[in-house]
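Q: coords please:
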Amino acid sequence: MRVMRLVGRSVLVTAVLATAAACASAPVRPATPVASTLDVSTAIAWVDRAAEYQALVRQTYGQATRAVETAARGRAAGTWAVILDADETVISNLAYQRDLVRTGQAHTPASWRAWVQQRDAVPLPGAQAFLDRVRALGGRIAIVTNRLETACDDTRAVLDRRALAYDVVLCQPDDGPSDKNPRFEAVAAGTWPGASGPLEVLAWVGDNIQDFPGLSQAIRQQGAAAYADFGARFFVLPNPLYGSWE
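A: Down below sits the predicted model:
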């Protein structure tokens, strides 16, 4: 779930951002980057070039893999699942954001739609290995994304193109709420199309606090105990580019 100094000193986040709600196929949370007081180019450079970013992403997926391996012991294949976000969790849209900054263009519904239709997003480090391990252990994989339903076929297609395993992709209904909790519940209850029954969800992976059941930015005021599931069932990836923190 994405972001400080300029590539030309004039490209501010406000030049790159448009409200995602105005975008017919973009996520409801900002589909492109960044808090209005920050410069997107530094954040893009950090995600693109920093060894620390690569280390954090690989570390998170490694922790998630070990946790799932432990939790899956003794559970029958097909009875449990993991839930992941798509953008900036399984796949990266960095190239799209980088091009906006390079050309000095703003994010628009049309530019996002064109990017999604190109199906050029790439896997985050460690994502493919994690998904393959879940499959090998007998788990089901649900991708719950706030890309709109009209973009869902392209989302499945890019996952297929990058050989990223999944059993279901649940997008945000075009005229429905961005709240993911009903879709989380559908995975657990086994009520999504093609489901074979209820599933125990062993882990969630995401880059936005709202990628985890029942959580929002309000957790910041709730004390250390509210974070107990992180590193155990919840695994969060760094995203300085955009998110509900803005």
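Q: so which bits of the lengthiest helix in the chain are buried?
A: When secondary structure is assigned using DSSP state H, the longest helix within the chain turns out to be helix 51-71. Going by neighbour count (16 or more other CB atoms under 10 Å), the buried part of helix 51-71 is 53, 57, 58, 60, 61, 63, 64, 65, 67, 68, 71. (Each C-beta comes from the backbone N, C-alpha and C, glycine too.)
Q: mind listing the strands for this structure?
A: Counting by DSSP state E, the chain has these strands, from start to end: 80-84, 91-92, 122-123, 140-148, 168-172, 200-206, 234-236.
Q: could you point out which of those sits nearest residue 217?
A: Closest of those to residue 217 is strand 234-236, at 12.8 Å (criterion: CB to CB).
Q: how about residues contacting the closest one?
A: Under the criterion CB atoms under 8 Å, 6 or more residues apart in numbering, residues 60-61, 63-64, 67, 203-207, 209, 211-212, 230 lie in contact with strand 234-236.
Q: returning to that earlier point: ok, and what's touching the longest helix of the chain?
A: 46-47, 80, 82, 124-127, 129-130, 133-134, 137, 139, 202-203, 205, 231-233, 235-238.
Q: could I get the average pLDDT for it?
A: On average, the pLDDT along helix 51-71 is 99.
Q: now it: how far from the chain's centre is it?
A: 15 Å (CA atoms, centre = their mean, to the nearest Å).
Q: cool, and stretch 156-170?
A: With CA atoms, centre = their mean, you get 13 Å for stretch 156-170.
Q: would you mark the buried spots in it?
A: 156, 158, 159, 162, 164, 165, 166, 167, 168, 169, 170.
Q: residue contacts, residue 180?
A: 144, 146, 210, 211, 213 are the contacts of residue 180 under CB under 8 Å, 6+ apart.
Q: with residue 170 instead?
A: Shown in contact with residue 170 (CB under 8 Å, 6+ apart): 142, 143, 144, 145, 183, 186, 187, 192.
Q: so how far is residue 93 from the first one?
A: The reference is to residue 142. Distance, residue 142 to residue 93, by CB to CB, to the nearest Å: 20 Å.
Q: can you check the second one too?
A: As for residue 143, its distance to residue 93 is 15 Å (criterion: CB to CB).
Q: would you show me how to pick out the buried ones of the contacts of helix 51-71 in ChimeraX?
A: In ChimeraX, this line selects whichever of the contacts of helix 51-71 come out buried by 16+ other CB under 10 Å:
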select :46,47,80,82,124,125,126,127,130,133,134,137,139,202,203,205,233,235,236,237,238
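Q: ok, back up a step: who's more crowded, residue 143 and residue 93?
A: residue 143 (26 against 22; other CB atoms under 10 Å).
Q: what pairs with the more buried one across the strands?
A: residue 84, residue 169 (DSSP bridges).
Q: any idea which of the buried residues of helix 51-71 is closest to residue 224?
A: residue 63 (18.5 Å).
Q: the closest one and residue 199: what is the separation?
A: For residue 63, the distance to residue 199 equals 22 Å [CB to CB].
Q: cool, residue 110 as well?
A: 38 Å.
Q: when these two are compared, which one has more neighbours?
A: Set residue 110 next to residue 199 and count neighbours by other CB under 10 Å: residue 199 wins out with 22 against 11.
Q: quick check: chain neighbours aside, which residue is closest to that one?
A: Once flanking residues are discounted, residue 199 sits nearest to residue 81: 4.2 Å by CB to CB, 6 or more residues apart in numbering.
Q: what is the neighbour count of the one you found?
A: 22.
Q: what about the contacts of residue 180, which one has the most neighbours?
A: Ranking the contacts of residue 180 using other CB under 10 Å puts residue 211 first, with 29 neighbours.
Q: so who does it touch?
A: Residue 211 makes contacts with 1, 84, 85, 89, 144, 180, 204, 205, 236, as judged by CB under 8 Å, 6+ apart.
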